[in-house]
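1. missing the sequence, but the structure's below:
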């Protein structure tokens, strides 16, 4: 049996659909603080993850998939259950790290309990489109230079375990993703382009050292809509490293807005 | 004689005042596209910098100080004068780099013309406050941890020649400075703190490899006001690396808002 640790967004329901079609048994675990839009078999919170692990072992779960957006939780000590108490020092250490450090700690925890952690893209490989331009509009020479600069920036940020995306126009960084995410970053420049270079691209890629068993970065139709709203010329994702949800709709949105969507091999 | 290449903000007028008090001859050059709030002796634009250099040599200028905020210029080829034409390949290269790369190119240009480039802080050393906490409120343990994380982030970004500032709360990057600058960054999280860790600090430092003969990063009373508006607990600048304008007013603003202002030695 596979346990799905389900966050926000469309990804959890796509995974459940596929797993059920394949005849796999799924046990759906929802975050008590942000249950998302699916019906979970059990709700849990960070403070009781020790209890959750025991429950998963008891049910014979041997695979785990973490999927969907999750807000970094606050630890509320008064909620701790007995089975989680001994994990506390590790949690505090993990919460002080960047996203990737914290995720790696959680993955290790599942593995110590005899469970294999699978990425969502292993179950839904079509979410990782092949390299190429998916839209009618293609990137020009300037856009390609902006994408190369974006790759450089995300790689540098990876050294501090931050961000997976940035906006680049005329080879200059207009915005850099931080904890609030890609939509926030695009909103921060929407309607504020006066005095800044025109056009530009959204570049998104996993951090260089990112553990790919956890969620890869994701875009979807909403990302294309927000990119158009911010006055960009297109969106560039790293081939094999960024998941594209609702591909047909995303391409339709891009085509309607005159944007390109480019699945770019690493290194150009 | 010293030529002042004057951008926006208060810094140019402070420099002129000090230089005139010291009996130095100042020749003020203003950007034609953004003349700032001082009376320049001459206006110039990037496309005619070759002509400006000739003018400065003719007047016996042997020192140059670039001070005040400057927007990265667009090159308008139809405006090029003859003396600038041969510099074109270098400009195009410089404009494709980050801020620091472009500045270094401009510094080299002055030096090749026999002029020494001096930082504003050499003329106004009191703009670089000594290490310590300048406000009534002092940073707590969590704030010190946030400042250390901020230092880590700015250092990592320096590798891609971007940003000199970030906002950190609970050791997480809430916002990272890009081309639009510190005020834009603070505005991007103002009123948008729901779901994000509370408090936090603005951390500002020069890029690790930054050429200190050009403008160092600067804060002033407006920065403290914006930090208070964004719900932060305080502002941290690297000692010796960030200029503080209108110190008394800045400290008064911070004290009134209950913020700390900490001049932190590099490395803590």
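-> Noted; the coordinates are in hand. Remember, it's a predicted structure, so these values are computed and weren't measured experimentally.

2. Pull the residues that contact the helix or strand where residue A:13 lies.
-> According to DSSP states H and E, residue A:13 maps onto helix A:11-21. Outside helix A:11-21, the residues that touch it by Cβ atoms under 8 Å, 6 or more residues apart in numbering or on different chains are A:2, A:4, A:6, A:26, A:28, A:36-38, A:65, A:67-68, A:120, A:123-124, A:215, A:218, A:243, A:245. Quick note: C-beta positions are derived from backbone N, CA and C, even for glycine.

3. Now do the contacts for the residue nearest to the spatial centre of chain A.
-> Closest to where the C-alpha atoms of chain A average out (Cα atoms, centre = their mean) is residue A:217, at 3.1 Å. Taking Cβ under 8 Å, 6+ apart, we find residue A:217 in contact with A:164, A:165, A:204, A:205, A:206, A:237, A:241, A:242, A:243.

4. Around residue A:209, count how many other residues there are.
-> 10 (other Cβ atoms under 10 Å in any protein chain shown).

5. Name the residues of chain A found near chain B, please.
-> Within chain A, the residues that sit near chain B (Cβ under 8 Å from any Cβ of the partner chain) are A:71-72, A:74, A:95-98, A:145, A:152-153, A:155-157, A:159-160, A:162-163, A:166-167, A:170-180, A:184, A:188-189, A:192, A:195-197.

6. Inside helices: which ones of the residues you listed?
-> Within these, residues falling in helices by DSSP state H are A:95, A:145, A:152, A:153, A:155, A:156, A:157, A:184, A:188, A:189.

7. Now these in CSV, please, with extra columns for pLDDT.
-> Putting those into CSV (pLDDT from 0 to 100) gives the following:
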residue, pLDDT
A:95, 65
A:145, 96
A:152, 94
A:153, 94
A:155, 92
A:156, 91
A:157, 90
A:184, 91
A:188, 91
A:189, 91
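
8. Of the residues you listed, which pair is most distant in space?
-> Farthest apart among those by Cβ to Cβ are A:95 and A:145. That separation is 38.5 Å.

9. so where do the strands sit in the stretch 1-150 of chain A?
-> In the stretch 1-150 of chain A, the strands defined using DSSP state E, counting those that start in this stretch lie at A:2-6, A:26-31, A:42-44, A:63-67, A:116-117, A:132-133.

10. which parts of the third one are buried?
-> By neighbour count, with 16 or more other Cβ atoms under 10 Å in any protein chain shown as the criterion, the buried positions of strand A:42-44 are residue A:44.

11. what's it packed up against?
-> strand A:26-31, helix A:49-58 (3 or more Cβ pairs under 8 Å, 6 or more residues apart in numbering or on different chains; DSSP states H and E).

12. Please repeat the previous calculation with a cut-off of 6 Å.
-> strand A:26-31 (3 or more Cβ pairs under 6 Å, 6 or more residues apart in numbering or on different chains; DSSP states H and E).

13. Quick one: list the elements packing against the strand it packs on.
-> Other elements packing on strand A:26-31 under the criterion 3+ Cβ pairs under 6 Å, 6+ apart are strand A:2-6, strand A:42-44.

14. Now do the first one: distance to the chain's middle.
-> Pointing back at strand A:2-6 there. Put simply, strand A:2-6 sits 16 Å off its chain's centre (Cα atoms, centre = their mean, to the nearest Å).

15. same question, the last one
-> Taking Cα atoms, centre = their mean, one finds the center of strand A:42-44 at 21 Å from the center of the full chain.

16. Could you do stretch A:207-214 as well?
-> 10 Å.

17. outside of it, which residues touch it?
-> Contact partners of stretch A:207-214, identified using Cβ atoms under 6 Å, 6 or more residues apart in numbering or on different chains, comprise A:66, A:100, A:103, A:104, A:107, A:117, A:119, A:155, A:158, A:164.
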